[in-house]
Structure formats: structure tokens, C-alpha cells
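Participant: Here's a sequence, model it:
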Amino acid sequence: MLKKFLPNWLTGLLVSIVLFANVILWGTLVLLLGVLKLVLPFKVVSHTLHLAYKGWCNGNRLALWLGCPSIEVNIQGSLNRKGWYLLISNHMSWLDIVVLSAIDALPAPKFFLKDELKYVPFIGTGAWAMGMPFMKRVSKSQLAKNPKLKGLDVERTKRSCRDFRNHPTTIINFVEGTRFTTQKHHRQNSPFTHLLKPKAGGIAFALEVLGEQFDALLNTSIIYQGEGEHICRNLICGRLDAIKVDMQVQAIAAQMIGDYQHDRDFRTSFQQHINDLWLQKDAQLISYHQTQQDNYMATMNEEVETP
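Facilitator: Numbering: from 1, shown residues only. Presented below is the predicted three-dimensional model:
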């Protein structure tokens, strides 16, 4: 919004201040409430924590509204703010987290975290305070040494999700496992044009642990329009022109839930299903970028023809 009236550098400065203040204000409050929750594990404390987290999401929405003149969110299907969803998305930038958290139609966005992060100051405390689920996988070598460990990782993660079940939530999984860059795309020799290769293990594990809890799968694509490839830099420099989020609400079929780690047939079929979703997503991104290129060329031709 500010980009329409202010120079880029001033827009970027104001947006940066809003984002920084938003993290400091609400992050500190979540941290303090997390300590209080450790001493007084009552529902009222947990409820207050989620209100503070909602404040952070609202702050992100304000920053995007100030810094980007065009934000389009297209949701195909119906969502319930009191529901539970598994959201899978391409990963273009760290800004993806801000964008997804700013979508008001979604229940509170959260993440599956590695169990080791539980002990990282601030990050681990904040995630624990918010009831985000931690996962600790049993490796094949550990299972070979002690077969009794089979299924322990699933049960252990389910126990860590007790508080999560009390609050409507959207679990977010960036299937590629890392942010897209041209260098990573070439290094992977990815068969997709605008995506890295998908990693199905994280989604499969989330479905194995909480499949019955989820109301739907949210197949999401995020697209940015601006100068250069560094999207966060575009925002803080006032050069981000548009954000487009396309979200498809899809049913979670029973055959999508299984033992990905130990069932080879299920692992093969599940990976193929995710690959098919990624092929569709890549086709969608190709179509969008081609449309943008066509519009740009049409604009350039009009400017040339204008006397």
C-alpha cells in the first residue's frame, strides 16, 4: 500500500521496522508466557499464548499490506478456522512463513520440528510454548539393533502433540526441504522447471502421526513478482510488486496414511503421489510465469507503438 505513495527506500524502511518490532514484541511475550506455562500449565495460559501468537500473525499481515501493492489469495474449497489442516507448499523464500501466517482464513500455522530444536534457546522454548509437535525419528540402524523401538517415534511424537490437539492448527510442511534457488535447482538436476525435488518423508510422518486429526490437505503455491531473485531483499527495499497464493483444499485419502519408514510399497506409492502433485504445481507455475511474460511483452509493444 505504501509503495503506491512513497519512494521504494522509505517503504522498505517502514516495513522493516514493522517486521522487526513485531518479532521483538510478540516473540518476547511468547517467551515469557512459555516460562509461565512451565510453572503454571493451565489452559488460560495456553489460550493467552495463542492470542499472542495471533498478534504476531496480524503484525505480519500489516507489514505485507504496507509493503506490497498487490496480494492475491485464491482458496479453492472451504476452510474452517476451527479445523485442523496439513499445508504443503513450494518454498521460495523465508518470507513464505510470513505470508502463510498472514492468511486470516487459516487456523494458527505451526510446524513439525526436529526434537533437537527443543533445546535451542528462544526457538525451542517458543515452539514448545506454542504446543508445536516435535519429532524424533528412530533410524534404521537403531531399529536393527533393537526391534522393540519400532513405532516408538510415532508414539513419542503423538505424546508431544497433546496440546496441539486442543487448538485448531495448520501444520506447514515445505516439501522441498529448502528454499528454491537457481543453484540448488541445477545441483539437484531437478526435473521440474520452478521447483526442487519433493521430499515425501516429512508429510508421510505428519499424516501417520496426526492423519485422523486433519480435516484436509492444503496444496499451496506461492508466487512473488519483483526485481531480482532475492525476495526478502525486494520487500525490505520496497521492490516487491505482487504476492500470489493459490490454495487447493483436498481430501486426505485413507491410502495416504501408512508406515513410510518401514513399508517399502507404501513408500513408493506415496512418493509417486507427491511427485504427481509436484508435476501439477510446476505446470501451474509455468503457466503463471508465461502469462506474466506475455503481459510484459504486450506492455512493451504498446509503449513502442505509442507516438
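
Participant: and Gly211, what does it touch?
Facilitator: Applying Cβ atoms under 8 Å, 6 or more residues apart in numbering, we find Gly211 in contact with 252, 256-257. C-beta: built from backbone N, CA, C; applies to glycine.

Participant: Out of those, who's the most crowded?
Facilitator: Met256 (20 neighbours; other Cβ atoms under 10 Å).

Participant: Now do the phi/psi pair for that residue.
Facilitator: phi -90, psi -10 (degrees, to the nearest 10).

Participant: Am I right that Ser78 is in a strand?
Facilitator: No: counting by DSSP: H, G, I helix; E, B strand; the rest coil, Ser78 falls outside a strand, being coil.

Participant: which residues of this structure score low on pLDDT?
Facilitator: Along the chain, the parts satisfying pLDDT under 70 run over 1-4, 114, 117, 120-123, 125, 135-140, 142-144, 148-164, 294-307.

Participant: how about the strands in it?
Facilitator: Along the chain, the segments classed as strands by DSSP state E run 70-76, 85-89, 108-111, 113-114, 134-135, 169-174, 216-226, 240-250.

Participant: Point out the other helices and strands that the third one packs with.
Facilitator: In this structure, strand 108-111 makes packing contacts with helix 43-67, helix 95-101, strand 169-174, judged by 3 or more Cβ pairs under 8 Å, 6 or more residues apart in numbering; DSSP states H and E.

Participant: Mean neighbour count, those: which tops it?
Facilitator: Highest mean neighbour count of the helices and strands packed on strand 108-111: strand 169-174, a mean of 24 (counted as mean count of other Cβ atoms under 10 Å).

Participant: In terms of secondary structure, what does it contact?
Facilitator: Helices and strands touching strand 169-174, by 3+ Cβ pairs under 8 Å, 6+ apart, are strand 85-89, helix 95-101, strand 108-111, helix 201-210.

Participant: Which of those sits closest to His262?
Facilitator: helix 201-210 (10.5 Å; Cβ to Cβ).

Participant: Can I get that closest one in PDB? Just the C-alpha atoms.
Facilitator: C-alpha atoms of helix 201-210 as PDB (Å, rounded to 0.1, in the frame of the first residue of the first chain):
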ATOM      1  CA  GLY A 201       9.100 -38.300   4.300                       C
ATOM      2  CA  GLY A 202       8.000 -35.300   6.400                       C
ATOM      3  CA  ILE A 203       4.400 -35.300   5.000                       C
ATOM      4  CA  ALA A 204       4.100 -39.000   5.400                       C
ATOM      5  CA  PHE A 205       5.200 -38.800   9.000                       C
ATOM      6  CA  ALA A 206       2.800 -36.000   9.800                       C
ATOM      7  CA  LEU A 207       0.000 -38.000   8.300                       C
ATOM      8  CA  GLU A 208       1.000 -41.100  10.200                       C
ATOM      9  CA  VAL A 209       1.000 -39.300  13.500                       C
ATOM     10  CA  LEU A 210      -2.000 -37.000  13.000                       C
END
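
Participant: Could you name the helices and strands sitting against that helix?
Facilitator: Short answer (3+ Cβ pairs under 8 Å, 6+ apart): helix 201-210 packs on strand 85-89, helix 152-160, strand 169-174, helix 264-305.

Participant: returning to what we had before: single out the most deeply packed of the helices and strands packed on strand 169-174.
Facilitator: With a mean of 23, the top stretch among the helices and strands packed on strand 169-174 by mean neighbour count (mean count of other Cβ under 10 Å) is strand 85-89.
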